[in-house]
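K.L.:
Let's see this in three dimensions:
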Amino acid sequence: MQLVESGGGSVESGGSLTLSCAASGAQLHYYAIGWFRQAPGKEREGVSCISSAGSSRNYADSVKGRFTVSRDNAKNTVYLQMNSLKPEDSATYYCAASVRSTCRGYSGMNVWGRGTLVTVSA
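P.N.:
Just a heads-up that it's a prediction; the model follows:
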């Protein structure tokens, strides 16, 4: 399976972006999908996770109320809607597929995309 992220870009503080994570080579509906981000000089952090059926969603405290994860298994795609963006949200965002159908924190991710860059200016 391959994952490809898209939708990154440059926005002003308070703006919105929607990231997409498209899968090929496998049916995404078997797997929980996580979103992660890594800013320069910082460790990668988990942002959100959605279970295979979309019934369970987790968010990092820093993005709760601003980000929404969703999935369209018919399109083999997972989305991350990001609203009220802040400069501290600037990072490369990655999606990853879990070995499980449920989210256990942000563990168990074994297939990663290459990332999409999000830059938020003040």
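
K.L.:
Contact partners for the residue positioned nearest the centre of the chain?
P.N.:
Nearest to the mean C-alpha position of the chain, counting by C-alpha atoms, centre = their mean, stands Trp35 at 2.7 Å. Residues in contact with Trp35 (C-beta atoms under 8 Å, 6 or more residues apart in numbering) are 19, 21, 46-49, 69, 78, 80, 93-96. Every C-beta, even on glycine, is put in place using the N, C-alpha and C of the backbone.

K.L.:
In strands, which of the residues you listed appear?
P.N.:
Among these, the members falling in strands (DSSP state E) are 19, 21, 46-49, 69, 78, 80, 93-96.

K.L.:
Neighbour-wise, give me the winner out of these.
P.N.:
Most neighbours among the ones in strands among the contacts of Trp35, by other C-beta atoms under 10 Å: Cys95, with 30 neighbours.

K.L.:
How much space separates it from Glu12?
P.N.:
Taking C-beta to C-beta, to the nearest Å as the measure, Cys95 falls 24 Å from Glu12.

K.L.:
try Gly108
P.N.:
Gly108 is 36 Å from Glu12, by C-beta to C-beta.

K.L.:
higher neighbour count, the two?
P.N.:
Of the pair Gly108 and Glu12, Gly108 is the one with more neighbours under other C-beta under 10 Å, namely 17 against 10.

K.L.:
residues in contact with that one?
P.N.:
So Gly108 contacts 32, 98-100 (C-beta under 8 Å, 6+ apart).

K.L.:
so what's Cys21 up against?
P.N.:
Taking C-beta under 8 Å, 6+ apart as the test, what Cys21 contacts is 3-5, 33, 35, 77-80, 95, 113.
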